[in-house]
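# sequence and predicted structure are below.
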Amino acid sequence: MSSIGNWQLTLGNWRLAIGIFVSLLLLCPAALADSASPLTNQPLAVVNRETVTRDDLDRALLAGLGDEIAENAADPQKGAVARHRVALRALIERKLLLAEAERLQDKQEALRRALDIPVQDKIERAERLAGGPVAFREYLRKRGMTYADYRERVRDDLLCQVVVDDFVRRGLSVSPIEMRDYYSRHPDKFREPAVATYRQIFVRAAAPDDEAALQKRDRIAMALAEGAEFAELARAESDGPHAPDGGAWTDQRPGMRPKTIDDLVFSLPVGRVGGPVETEIGWTFLLVEDRAPGGVVPFEQAQAAIRERLLAAKEAARYEDLIARLARQNHVEILLPNE
């Protein structure tokens, strides 16, 4: 046994954890099927007198909680362990939020009544998805759950949201000074690279002395010099992947193409034909149609994204503070070694 340590989850994790049981019921019917495994009810953690079991954890994993951590892990085995820990801790945090919701109910008897309408709305949506009230109750019965059980789980989800709204989101704001300060301290986040749109005629060569390719290159160069329409010539002659589109390449930024092509794209005057440029696999002709020079995004254009980023950071910090406080105020114990 070990007491709970220093742990918090990202906002994305708790949002998934809050609705995990109802989501599983609607989207993952097999998760609620009876299991013959003796580990189904193995206790993994205790929050006050509430137990998190192996079955709870399996449902959380089936719903995808912790998938992102596992996918980004360099070591698959360590990623799987991390995924289990994230899911377990999310379930613990959900119970902490419910414990706080119950404390709020003692002081606000109107809370339960206030949730009656949104609870009923969610249940009616579930009934529609299942094909009607009768089909939904039969669906619940086959999975060993009563209508009252399901209603209670929906209510618990909304109670968790009430706690988060009350302690995390209430009064949350970002001032213009904070946004301006963030903008000035993180200039690299607001730089946009140059962007170009151009057309390409590519002549593929098996070798530098490929005679057929050399003749084709010279024929195209002559046609362009005589005023041939670039897009039509690209459709007829280019060996490149964009030939059917007249050789068009859009939204190209520095570094996306070989350096010899890059250099020409971002130096050639707009409307001017350049080339042939030799590459490792042939020759390229270019027509630059449009180019934006890039640079720093003005504050006025960036402030909406800055506000969203700062609000998310404040929300995450408040949530971590809330969970840390609830962990101190409640009995939390993890019944696994090395946690």
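Nice, thanks for sending it over.
# now the helices: where do they sit in this protein?
11-18, 20-27, 54-62, 67-72, 76-107, 110-130, 133-142, 147-164, 176-185, 211-225, 230-237, 259-265, 299-329 (DSSP state H).
# which one, of those helices, ends up nearest to Ile281?
With C-beta to C-beta as the criterion, Ile281 lies closest to helix 211-225 of those, at 9.9 Å. The way it works is simple: take the backbone N, C-alpha and C, and place the C-beta from them, glycine included.
# could you count how many residues lie near Lys259?
10 (other C-beta atoms under 10 Å).
# ok, it to Phe266 distance?
For Lys259, the distance to Phe266 (C-beta to C-beta, to the nearest Å) stands at 11 Å.
# also Leu129?
Leu129 is 52 Å from Phe266, by C-beta to C-beta.
# which of these two has more neighbours?
Applying other C-beta under 10 Å to Leu129 and Phe266 shows that Phe266 carries more neighbours, namely 19 against 13.
# how about that one, phi and psi?
As for Phe266, its main-chain torsions (degrees, to the nearest 10) stand at phi -100, psi 10.
# and the one 5 residues further on, by the same measure?
Listed backbone geometry of Gly271 is phi 90, psi -10, with angles given as degrees, to the nearest 10.
# thought it was touching Arg291?
No. Using C-beta atoms under 8 Å, Gly271 is not in contact with Arg291; the gap is 10.3 Å.
# more neighbours, those two?
For Gly271 versus Arg291, neighbours defined as other C-beta under 10 Å are more numerous around Arg291 (18 against 9).
# got the contact list for the closest residue to that one other than its chain neighbours?
Spatially, and ignoring its direct neighbours in sequence, Arg291 is nearest to Ala196 (4.3 Å; C-beta to C-beta, 6 or more residues apart in numbering). By C-beta atoms under 8 Å, 6 or more residues apart in numbering, the contact list for Ala196 reads 252-253, 265-266, 288, 290-292.
# kindly provide the distance from Ala196 to Ala99.
Ala196 is 57 Å from Ala99, by C-beta to C-beta.
# what does Ala305 give?
Ala305 is 36 Å from Ala99, by C-beta to C-beta.
# out of the two, which sits in the busier spot?
Taking neighbours as other C-beta under 10 Å, Ala305 and Ala99 compare with Ala99 leading, 19 against 13.
# mind checking pLDDT for the residue nearest to the more buried one when sequence neighbours are not counted?
Leaving aside its sequence neighbours, Ala99 sits nearest to Asn330 (C-beta to C-beta, 6+ apart; 5.5 Å). We have a pLDDT of 94 for Asn330.
# quick check: Asn330 touching Leu96?
Yes. Using C-beta under 8 Å, Asn330 is in contact with Leu96, at 6.0 Å.
# intersection of neighbour lists for Lys259 and Phe266?
With C-beta under 8 Å, 6+ apart, Lys259 and Phe266 have no common neighbours.
# quick one: pLDDT of the residue sitting furthest away from the middle of the chain?
Distance from the C-alpha centroid of the chain peaks at Glu226, with 51.6 Å (C-alpha atoms, centre = their mean). The score at Glu226 is 93. That number is its pLDDT.
# separation between it and Ala236?
From Glu226 to Ala236 the distance is 15 Å (C-beta to C-beta).
# same deal with Pro269?
The value you get for Pro269 to Ala236, if C-beta to C-beta is used, is 25 Å.
# between those two, who's got more neighbours?
It is Ala236, of Pro269 and Ala236, that has more neighbours when counted by other C-beta under 10 Å, with 13 against 8.
# returning to that earlier point: can you count the residues close to the residue nearest to Ala99?
With other C-beta under 10 Å as criterion, Asn330 counts 17.
# show me what contacts it?
Asn330 touches 47-48, 96, 99, counting by C-beta under 8 Å, 6+ apart.
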